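S.K.: From the sequence below, what's the structure:
(one chain, ligands or ions: 1)
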Amino acid sequence: MGTKTLPVIFTDKANPIKIPDKCELQQLYLVSRHGTRYPTDGDINKFIELEKVFKNVSYAKEWYKNPFPLLKQGLLTSRGEKELYFMGKRSKKRYNKFWNKILPYDPNIINFQSSAVSRTGISGFAYSLGLLNGEGILGIDNSQSVYISSIPVKQDEELAMHQACPRWAKTVDKNNTILEQQKTEFTTNYMTEISQRITKSFNITPELLPEHADSIYRACAFAIAFFGKTNTWCSLFNKNDILELEYFNDLVDYYSFSYGSKLNEELGCSLISNIIKNIEDYSNGNSTLKADLKFAHAETLRFLATTLGLFKDQTPLTVDTLPEKLLNRKFKDSTQFYFSSNMYFEVYTCAERNERTTTYIRTLLNEEPIIIPGCDSKYCELSKFKELLGDKLNCNFKKICEL
Ligand SMILES: O=P(O)(O)O[C@H]1[C@H](OP(=O)(O)O)[C@@H](OP(=O)(O)O)[C@H](O)[C@@H](O)[C@H]1OP(=O)(O)O
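M.R.: Now for the predicted structure:
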C-alpha cells in the first residue's frame, strides 16, 4: 500500500551488530520517517466524498462512513508512537557498546532534530524514550528528557527540502507536464475500468468517477493501517487493481520526489552534505557530535535515496511500462518508505596494515545494510562516498532552488 504501509518490524527485540575486526563505530546518523499517522486532510476529504457516494450501497452499509475526524489530520497515532519507541529500544540493543560509551545524554553529543510538524517531533521523542529508557533520573523507569530542534519548513533544506525549494514548487509540484500526462493516461487506461467494474458489480448510482478508484485505494490502505481490515474498502478490488493503483502512487512519487524530475536528484544534497561535514568535523577533532538523529517524512527519505542513486530502474516508470514493472521494479514505496521507515549511516574507522586508519560508511535501509551504487561493498570508504556525490557534495541549495 505504498507509503501508507505498516512497517515490517514491530518489536523492541534486536541483536548487537557485528563490528568488523580492527574497526570501531565512531558515529551514528539516522534519518527516520515518522510512525503511522492519520490520513492528511486531502485524504479525509476523499473519504467524506466516498461516504456520500456509497451511502446507498448495501454491500458497504457496515463500513462506508468516514471514521477519521478532520481535526486529527496528519497526527501521529499511538501505534506510530510505539513504532518509534521500539525503534529506539532496538537501537540501544543493536549499538549497545556505542551508546554505553557516550551516555548519559548530552545534547552536544547526541543531537535530535525533526521537521517542524507534530508527527515527526513526537516520533523523535518516542525514539528518545526507547533509546534512553533507564538512562535518566525521571520517574519510576528513569526516563531522560531531550531537546529536539526543528527549523520552519520553508527554511528546512535538510528535512523538508521540497518546501524550502521555490524551483521545486514551480516546476515539479506544479507545471509538471510529464506527471500530468502520466496521471491522465493512467486514469484513462486503468482507473476508468476499475471504477466502472465496481459501479456495475455493486449497482452504484450515480456511477463512480475514475478518481474514486484511488480514493477507495487510500481508504483501503488506512482500513488496514488503523483497523487491520482487508474486508471493507479493499474487498471492492481484485489483486491486480491493488497492484495497479500501488504502481500509480509510486509513479506520482517517482515524478514528484525522485528520478522523474532531474531537480529531485539534487534535493537531498544539503542533508547528505551536512552528514559528511559532521563526519569530517568529528574526525578532525572539531566536533563532539557522536549521534545525529533526524525525524522527517517519506519524501525526505525519497529525496535522500534519489541523491544517493538508490532504487533507480533502468528505464523510467511510465504508464506504458506498467505491465513489465508491475511486479518487478526497484522503485517501490511499500517496501522502502513505509511508516517509520528509516536510513542509518554507521561511521567506522578501521586500522589498515600500514598503521593508517580509513573511514568507512555503512548505510542501512530499514535496519538492513544496502550498497550505495558505485561503492564496492556495504562498507563504503568515505573518500569513495564523497567522490560518488560529485557536485552534490557541498551544494549551493539556494542557488539550485532559486527561480
Ligand atoms: O497523499 P498524502 O496527502 O498522504 O501525502 C502526504 C504525504 O504522505 P505520503 O504521500 O508520503 O504518504 C506526507 O508525507 P509523510 O511522510 O509525512 O506521511 C506529506 O508530509 C504530506 O504533506 C502529504 O504530501 P502532499 O504531497 O502534500 O499531499
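S.K.: which SS class is residue 271?
M.R.: helix (DSSP: H, G, I helix; E, B strand; the rest coil).
S.K.: doesn't residue 164 make contact with it?
M.R.: No: here residue 271 does not reach residue 164: they are 11.0 Å apart, not a contact under C-beta atoms under 8 Å. C-beta: built from backbone N, CA, C; applies to glycine.
S.K.: Common neighbours of the two, please.
M.R.: residue 157 (C-beta atoms under 8 Å, 6 or more residues apart in numbering).
S.K.: who are the neighbours in contact with residue 391?
M.R.: Going by C-beta under 8 Å, 6+ apart, the list of residues near residue 391 is empty.
S.K.: Surely it is within a strand?
M.R.: No: Residue 391 is assigned helix when assessed by three-state DSSP, not a strand.
S.K.: Return, as residue ranges, the portions of the stretch 101-250 of the chain with sub-threshold pLDDT.
M.R.: Within the stretch 101-250 of the chain, no stretch has pLDDT under 70.
S.K.: Quick check: residues of the stretch 151-300 of the chain near the ligand?
M.R.: Neighbours of the ligand within the stretch 151-300 of the chain, by C-beta under 6 Å from any ligand atom: 297, 298, 299.
S.K.: make it 8 Å
M.R.: Among all residues of the stretch 151-300 of the chain, those adjacent to the ligand (criterion: C-beta under 8 Å from any ligand atom) are 173, 218, 249, 253, 256, 296, 297, 298, 299, 300.
S.K.: So which of the residues you listed are in helices?
M.R.: 218, 249, 253, 256, 298, 299, 300 (DSSP state H).
S.K.: Including neighbour count, could those go into CSV?
M.R.: Formatted as CSV, these follow (neighbours: other C-beta atoms under 10 Å):
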residue, neighbour count
218, 23
249, 19
253, 21
256, 18
298, 20
299, 22
300, 29
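S.K.: farthest-separated two in those?
M.R.: 218 and 300 (20.9 Å; C-beta to C-beta).
S.K.: Convert the C-alpha atoms of stretch 56-73 to PDB, please.
M.R.: In PDB, the C-alpha atoms belonging to stretch 56-73 read as follows (Å, rounded to 0.1, in the frame of the first residue of the first chain):
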ATOM      1  CA  ASN A  56     -27.000   3.600  -0.500                       C
ATOM      2  CA  VAL A  57     -24.700   0.700  -1.400                       C
ATOM      3  CA  SER A  58     -26.000  -2.200   0.700                       C
ATOM      4  CA  TYR A  59     -22.700  -4.200   0.500                       C
ATOM      5  CA  ALA A  60     -20.900  -1.300   2.200                       C
ATOM      6  CA  LYS A  61     -23.600  -0.400   4.800                       C
ATOM      7  CA  GLU A  62     -21.400  -1.500   7.800                       C
ATOM      8  CA  TRP A  63     -18.300   0.400   6.900                       C
ATOM      9  CA  TYR A  64     -18.900   3.200   4.300                       C
ATOM     10  CA  LYS A  65     -18.700   6.000   6.800                       C
ATOM     11  CA  ASN A  66     -15.500   8.100   7.100                       C
ATOM     12  CA  PRO A  67     -14.000   7.300  10.600                       C
ATOM     13  CA  PHE A  68     -11.300  10.000  10.500                       C
ATOM     14  CA  PRO A  69     -12.100  13.400  12.100                       C
ATOM     15  CA  LEU A  70     -10.500  16.300  10.000                       C
ATOM     16  CA  LEU A  71      -9.100  17.700  13.300                       C
ATOM     17  CA  LYS A  72      -6.900  14.600  13.500                       C
ATOM     18  CA  GLN A  73      -5.500  15.000  10.000                       C
END
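S.K.: As PDB, could you dump the C-alpha coordinates of stretch 334-345?
M.R.: Output in PDB follows, covering the C-alpha atoms of stretch 334-345 (Å, rounded to 0.1, in the frame of the first residue of the first chain):
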ATOM      1  CA  SER A 334       5.700  -0.100   0.000                       C
ATOM      2  CA  THR A 335       9.000  -2.000   0.700                       C
ATOM      3  CA  GLN A 336      11.200   1.100   1.100                       C
ATOM      4  CA  PHE A 337       9.400   4.100   2.600                       C
ATOM      5  CA  TYR A 338       6.500   2.900   4.700                       C
ATOM      6  CA  PHE A 339       5.500   4.300   8.100                       C
ATOM      7  CA  SER A 340       8.600   4.600  10.400                       C
ATOM      8  CA  SER A 341      10.900   3.600   7.600                       C
ATOM      9  CA  ASN A 342      14.500   4.700   8.200                       C
ATOM     10  CA  MET A 343      18.100   5.100   7.000                       C
ATOM     11  CA  TYR A 344      21.100   4.700   9.300                       C
ATOM     12  CA  PHE A 345      24.600   5.700   8.300                       C
END
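S.K.: Closest to the centroid, which residue in this protein?
M.R.: Centroid-nearest residue in the chain: residue 298, 2.8 Å away (criterion: C-alpha atoms, centre = their mean).
S.K.: what sits against residue 213?
M.R.: Residue 213 neighbours (C-beta under 8 Å, 6+ apart): 190, 191, 194, 195, 198, 241, 245.
S.K.: need the contact list for the nearest residue to the fourth one once chain neighbours are set aside.
M.R.: Going back to what we said before, that points to residue 195. Ranked by C-beta to C-beta, 6 or more residues apart in numbering and with sequence neighbours excluded, the top spatial neighbour of residue 195 is residue 208, at 4.0 Å. By C-beta under 8 Å, 6+ apart, the residues touching residue 208 are 53, 195, 196, 198, 199.
S.K.: interface residues of the stretch 301-403 of the chain facing the ligand?
M.R.: Counting by C-beta under 8 Å from any ligand atom, the stretch 301-403 of the chain sits next to the ligand at 333, 337, 339.
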